[in-house]
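K.L.:
I need the structure of the sequence given here:
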Amino acid sequence: MFEERRRKARANGFKVGSLVVADPLISFRCLVWGHTNLDALIEVESGTALPEVCVLVVPELAIQNLCRVVWSEERDHGIEFIL
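P.N.:
Numbers count the residues shown, from 1 in each chain. As a prediction, the model looks like this:
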């Protein structure tokens with residue numbers, strides 16, 4: 001999938017979440033592979049065009065954060081939370 005280059009490892013997620021865009025109200029399903037309090041690694045369906053800024057919502061992980069896409073590689077995307 002990818003080579004981990006982080007100094008601090010992400011907590012395993014493997015939970016289904018949503019990326020929500022406010023205008024117009026649209027949501028995309030995603031799979032959260034891992035997360036920290038600053039960022040997350042997500043996967044979306046092939047061909048899904050993600051907005052630059054959106055809200056990641058994962059109720060099982062108590063995540064509801066404004067975020068931005070930092071990098072993308074096929075279906076995998078690294079996002080950082082906008083605090």
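
K.L.:
what residues are bridge-paired with residue 76?
P.N.:
residue 43, residue 73 (DSSP bridges).

K.L.:
any stretches of this protein with poor pLDDT?
P.N.:
1-11 (pLDDT under 70).

K.L.:
please repeat the previous calculation with a cut-off of 80.
P.N.:
Within the chain, the stretches with pLDDT under 80 are 1-13, 23-24.

K.L.:
any idea where the strands of it begin and end?
P.N.:
11-21, 26-35, 39-43, 53-58, 63-73, 76-81 (DSSP state E).

K.L.:
what sits closest to residue 71 if chain neighbours are left out?
P.N.:
residue 78 (4.5 Å; CB to CB, 6 or more residues apart in numbering). Using the backbone N, CA and C atoms, a C-beta is placed for each residue, glycine as well.

K.L.:
so which of the strands of the chain is the most surrounded?
P.N.:
strand 39-43 (a mean of 21; mean count of other CB atoms under 10 Å).

K.L.:
that one vs strand 11-21, what angle?
P.N.:
80 degrees (axes from the mean of the first three to the mean of the last three CA atoms, to 10 degrees).
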